[in-house]
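Student: need coordinates for the following:
(2 chains)
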Amino acid sequence: MRFSAQSIEKTRFIALSVTSLSCFTYAALALVQGRPDPMLWWIPGAFGLGAAVLICAVALLAGRSAAQAATDELYKATSRRAASLAYWLSLALFALVALLVAFGRADWNTAYAVLGTMMGGSYLALFVWLDWRAGR
Amino acid sequence: MKKSAQALGNKLKEKREAAGLTQAALAEKAGVSRKTINTIENRVFTPSTLLALTLAEVLGVSVHAIFYLEN
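Tutor: Numbering: from 1, shown residues only, chains lettered A, B, ... in the order given. Predicted structure coming up:
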């Protein structure tokens, strides 16, 4: 099987989508169940590491020029835009989670779990969304 | 200096087709992804000066033949 820059882009898109989904699922379950460990705590992290390994493996198989094409200036611009939006979203999440704690909807441990997974997941989801929008 | 509300237009698709290249072929020659070429052609993404010069060189035309300022 021959891998190209497009293979790397598709792998990255799918891997990051799945990882962000695992983060959001963890956060939603933590909120619903009112506990910081609604599933095995390392699952979102394992998805993240798995995504990194998978993307790197496909990039290695595709070769240096394909990897450079897949991380060209459009990718860098998309990543920067996702990071800047995720920054503001994360600030909003701090306020939102503080309100949940203030109104007794979540304890501090659950709030940390929600915040941690949502902050990571928001950057990934924003990157995937912007990447998808650019490619339409 | 006068404030500019001009946008960057381009004839990349026209020049690419004139050169007999697909988006993928141009992308490979320029060292970028096909999506990048597609987004430039659709005016979703504005390329850097470096990429604009690279595209012009690959297509064998001047940068001004591809990119222009729109009112």
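Student: when you work out contacts or count neighbours from here on, use the C-alpha atoms and nothing else.
Tutor: Will do.
Student: what values do phi and psi take at A:Met39?
Tutor: Main-chain dihedrals, A:Met39, degrees, to the nearest 10: phi -140, psi -180.
Student: and A:Ala59, how far is that from A:Lys10?
Tutor: For A:Ala59, the distance to A:Lys10 (Cα to Cα, to the nearest Å) stands at 11 Å.
Student: comparing those two, which residue is more hemmed in?
Tutor: Set A:Ala59 next to A:Lys10 and count neighbours by other Cα atoms under 10 Å in any protein chain shown: A:Ala59 wins out with 24 against 14.
Student: secondary structure element for that one?
Tutor: Applying DSSP states H and E as the criterion places A:Ala59 in helix A:43-62.
Student: burial measure for the residue in chain B positioned nearest to chain A, as a count.
Tutor: In chain B, the residue that lies nearest chain A is B:Val32 (4.0 Å; Cα to the nearest Cα). A count of nearby residues for B:Val32, using other Cα under 10 Å, gives 25.
Student: what about it, which SS state?
Tutor: coil (DSSP: H, G, I helix; E, B strand; the rest coil).
Student: give me the phi and psi for B:Leu69.
Tutor: Dihedral angles of B:Leu69 (phi, psi; degrees, to the nearest 10) stand at phi -90, psi 130.
Student: what does A:Asp37 give?
Tutor: A:Asp37 adopts backbone torsions of phi -130, psi 70, taken as degrees, to the nearest 10.
Student: what pLDDT does the model give it?
Tutor: The model reports A:Asp37 with a pLDDT of 93.
Student: name all residues that make contact with it.
Tutor: Residues counted as contacts of A:Asp37 (Cα atoms under 8 Å, 6 or more residues apart in numbering or on different chains) are A:Ala30, A:Thr110, A:Ala113.
Student: residues from chain B in reach of chain A?
Tutor: Chain B comes close to chain A at residues B:28, B:31-36, B:38-39, B:44-45, B:47-48, as judged by Cα under 8 Å from any Cα of the partner chain.
Student: any idea how far the residue sitting nearest the centre point of chain B lies from B:Phe67?
Tutor: Note on chain B: the residue nearest the mean C-alpha position is B:Leu12, at 4.6 Å, using Cα atoms, centre = their mean. The gap separating B:Leu12 from B:Phe67 is 8 Å, by Cα to Cα.
Student: same thing with B:Glu17?
Tutor: Following Cα to Cα, the distance that separates B:Glu17 from B:Phe67 is 16 Å.
Student: which stretch of helix or strand covers whatever residue of chain A ends up closest to chain B?
Tutor: Per Cα to the nearest Cα, A:Ala69 is where chain A lies closest to chain B, at 4.0 Å. Assigned by DSSP H and E, A:Ala69 belongs to helix A:64-70.
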